[in-house]
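Enquirer: Following is a predicted model, sequence given first.
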Amino acid sequence: MQLKGKTAAITGGTAGIGRAIAETFLAEGANVAIMSRSPDKGAKTLEELDAGDRAIFVAGDVMDQASVEGFIDKTVETFGTIDILVNNAGGAGNLAPLAELSDEVFDETMKWNIYSTFWATRRALQPMIAQKSGRIINMSSTEGKMGKATFAPYTIAKHGLIGMTKSVAQEVGPMGITVNAICPGLVITDIIRDNGPDTAKAMGMTLDEMIDMFAQESALKRPNTVEEIAAMALLLASDVGGGITGAALSVDGGTAQY
């Protein structure tokens, strides 16, 4: 029960990494608020989590400022505070060489990853600063430490999240708040299954070929699991991880190597 009495807000919390983090935090005693776009998925997730009044769902789009800020406000309204923020929602838009990239795709990728994290963090810091404690966890990526052809917007965004993490950590460290980034490698989630075929096609290969290519880039030669990412999130959210801040921690099977 490492998080007993704590309240966590998780964007993109109905599937994949976000869902695994929600399950882990609930098992460790936290109250959990989750956000995603689909009310149906939200209702189903709450039913499956079976956490009673310790879990709430808020429907919203992280690309919309009012939705993001409303999610944080609803978390505080329901549970009285917010102790942990996990900026998990994010992803890559349509991939293309930079010379062929549209403004629309670039803007969408920035909103999905950078702006959503900025809006949520700014709002959550208000109660965290007042209570002089808090944990903020940003979901970057192996692509936040490396680069890959046709991935420019996603790579730029995930590098930017690490920069935001380091800067904000310096600002709020004296106030008892830690800010860290997790950098997952390949994790097979619904977003990979749904969007992966188009991504693979843009890279001139099949989905299975793309997955194998990414897996072979790691030392473990396999994808990571959502449970492995959630374990890192638990460390950073708990008292045990209180001495870690401003870090970009890889859970990528040895892909980035730093």
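Expert: On my side now, so go ahead. Numbers count the residues shown, from 1 in each chain.

Enquirer: With Ala20 as the reference, measure out to Lys44.
Expert: Going from Lys44 to Ala20 by Cβ to Cβ, to the nearest Å gives 16 Å. C-beta: built from backbone N, CA, C; applies to glycine.

Enquirer: Looking at those two, which one has more neighbours?
Expert: Between Lys44 and Ala20, counted using other Cβ atoms under 10 Å, Ala20 has the larger neighbour count: 22 against 13.

Enquirer: now the more buried one, nearest residue through space, not along the chain?
Expert: Nearest non-adjacent residue to Ala20, counting by Cβ to Cβ, 6 or more residues apart in numbering: Val226, 3.7 Å away.

Enquirer: okay, the one you found: pLDDT?
Expert: Note for Val226: predicted pLDDT of 97.

Enquirer: got it, and Ala20?
Expert: At Ala20, the pLDDT value in this model is 98.

Enquirer: low-scoring stretches of the stretch 1-150 of the chain, by residue?
Expert: Within the stretch 1-150 of the chain, no range satisfies pLDDT under 70.

Enquirer: show me where it has helices.
Expert: Ranges of helices within the stretch 1-150 of the chain are 16-27, 39-49, 65-79, 103-110, 116-131, based on DSSP state H, counting those that start in this stretch.

Enquirer: Can you add distance to Pro97 and give the ones you listed back as a markdown table?
Expert: Converted to a markdown table, the helices of the stretch 1-150 of the chain look like this (distance: least, Cβ to Cβ, whole Å):
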| stretch | distance to Pro97 |
| --- | --- |
| helix 16-27 | 28 |
| helix 39-49 | 34 |
| helix 65-79 | 31 |
| helix 103-110 | 12 |
| helix 116-131 | 26 |
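
Enquirer: between those helices, which one is nearest to Gly173?
Expert: helix 116-131 (11.7 Å; Cβ to Cβ).

Enquirer: Buried ones in that closest one, by neighbour count?
Expert: Buried residues in helix 116-131, counting neighbours by 16 or more other Cβ atoms under 10 Å, are found at 116-121, 123-125, 127-128.

Enquirer: how much distance is there from that helix to the middle of the chain?
Expert: Here helix 116-131 is found 15 Å from its chain centre; the criterion is Cα atoms, centre = their mean, to the nearest Å.

Enquirer: on that earlier part again, tell me which of the helices of the stretch 1-150 of the chain is the most buried.
Expert: helix 16-27 (a mean of 24; mean count of other Cβ atoms under 10 Å).

Enquirer: could you give the angle of that helix to helix 39-49?
Expert: Interaxial angle of helix 16-27 relative to helix 39-49 (axes from the mean of the first three to the mean of the last three Cα atoms, to 10 degrees): 40 degrees.

Enquirer: Could you shift the numbering so residue one becomes 411, and keep it that way?
Expert: Got it, first residue is 411 now, which makes that one helix 426-437.

Enquirer: Relative to the whole chain's centre, how far out is helix 426-437?
Expert: Put simply, helix 426-437 sits 11 Å off its chain's centre (Cα atoms, centre = their mean).

Enquirer: Show residues contacting it.
Expert: Identification of contacts with helix 426-437 by Cβ atoms under 8 Å, 6 or more residues apart in numbering yields 413, 416, 418, 420-423, 442, 444, 446, 455, 459, 461, 464-465, 494, 496, 498-499, 549, 594, 597, 599-601, 636-637, 639-641, 643-644, 647.
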